[in-house]
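Q: sequence first, predicted coordinates after that:
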Amino acid sequence: MNRASVELAAIVLALGTSCGSGSVSGGASEEAGNLRVALYGAALGDFATIAIQNVFDTRESYLVDCARKTHTLQGHAFCDELVVLPPGTYQIVVQSPDESCSAEQDHYKVIVRPGLTTEIEVKLLCGLDNGALDTIVVASYRPVIEDIDFWFGCHDRANKFVCADGPNVTVSAVVSDVDTPCSSLRAKWIASSPDLVLQNQVQPHRVNGQCVAKVTIDSSSSCVGDYQLTLKVSDDGYADRTKTSLTLPIHVVRCADSPCR
């Protein structure tokens, strides 16, 4: 039942007195009429509650429990209530305890006349509409750090040991990304302490067919000690926005014989 129906049922409940099947409480009249409400559907448990309110006199409000019959009518579960009411124009709201069931209309308007029975049939529509789920699986590749090289710039390759006051050390990383071009990758070198001085960070670019990112360790400005050097590579500027990182140990030491001297 939608919000309007629930609100009306709440008003009727507040104004009237809850009664058993087939009985009501409310205003009295010397003349009386009958209202027969037949409900059809597939509600679970107690079949329905009927809220009845006089359109022109809200003091005449009623709440009736409509119990499920033990048999079916034309294959449908149903309930059927006959209520004696003062003559007048009434608004009816039907609510089912099954949340998947609701009446075809928010409310129904009927006229009860003296000495006559007004019959109204309300159909409960039960069962929720199905939705759909469309799952799309997309492969996204993150950057890969393939290799790390240390270079003094004079002869053989260096290593993670950096000579204090010796030549600067260039650290080169070979990176790749299956679904991102080299020019769209971004690299950032981070030292664990400002005492390991980095300079000249070079963004990934093509060198002899490889995608290379570089940074220089300023040996003369760095202090003796043990450090961590982290390389972060991302494709944040591209469609899939992924990243990777690698942390390396760096040792700045005193060297008796510095390379390249």
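A: Yep, it's here.

Q: which is the succeeding secondary structure element to the lowest-mean-pLDDT helix or strand in the chain?
A: Using mean pLDDT, DSSP states H and E, the weakest-scoring helix or strand in the chain turns out to be strand 18-19, at a mean of 35. Using DSSP states H and E, the helix or strand that follows strand 18-19 towards the C-terminus is strand 33-41.

Q: just checking: what are the partner strands of the helix or strand following that following strand?
A: Using DSSP H and E, the helix or strand that follows strand 33-41 in sequence is strand 48-54. When pairing is defined by DSSP bridges, strand 48-54 lines up against strand 61-66 (antiparallel), strand 88-95 (antiparallel).

Q: need these in a markdown table with mean neighbour count, can you?
A: (Each C-beta comes from the backbone N, C-alpha and C, glycine too.) Shown next, in a markdown table, are those (neighbours: other C-beta atoms under 10 Å):
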| stretch | mean neighbour count |
| --- | --- |
| strand 61-66 | 23 |
| strand 88-95 | 21 |
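
Q: how close does the nearest residue to Trp151 once chain neighbours are set aside get to Ile148?
A: Closest residue to Trp151 apart from its sequence neighbours, by C-beta to C-beta, 6 or more residues apart in numbering: Thr170 at 4.6 Å. Per C-beta to C-beta, to the nearest Å, Thr170 is found 11 Å from Ile148.

Q: comparing those two, which residue is more hemmed in?
A: Thr170 (17 against 14; other C-beta atoms under 10 Å).

Q: am I right that that one sits in a strand?
A: Yes - Thr170 sits within a strand when classified using DSSP: H, G, I helix; E, B strand; the rest coil.

Q: any idea how far Cys101 is from it?
A: As judged by C-beta to C-beta, Thr170 and Cys101 stand 75 Å apart.

Q: same check, this time on Asp134
A: According to C-beta to C-beta, Asp134 stands 29 Å off from Cys101.

Q: what about these two, which has more around it?
A: Counted by other C-beta under 10 Å, Asp134 and Cys101 do not tie: Cys101 has more neighbours, with 22 against 4.

Q: setting aside sequence neighbours, what's the nearest residue to that one?
A: Cys126 (4.0 Å).

Q: where does the stretch 101-250 of the chain dip in pLDDT?
A: Where the stretch 101-250 of the chain drops to pLDDT under 70, the residues are 153-158, 237-240.

Q: all strands for it, in order.
A: Per DSSP state E, counting those that start in this stretch, the stretch 101-250 of the chain carries strands over the ranges 101-103, 108-112, 117-126, 144-151, 161-163, 169-176, 186-191, 198-207, 210-217, 225-234, 243-253.
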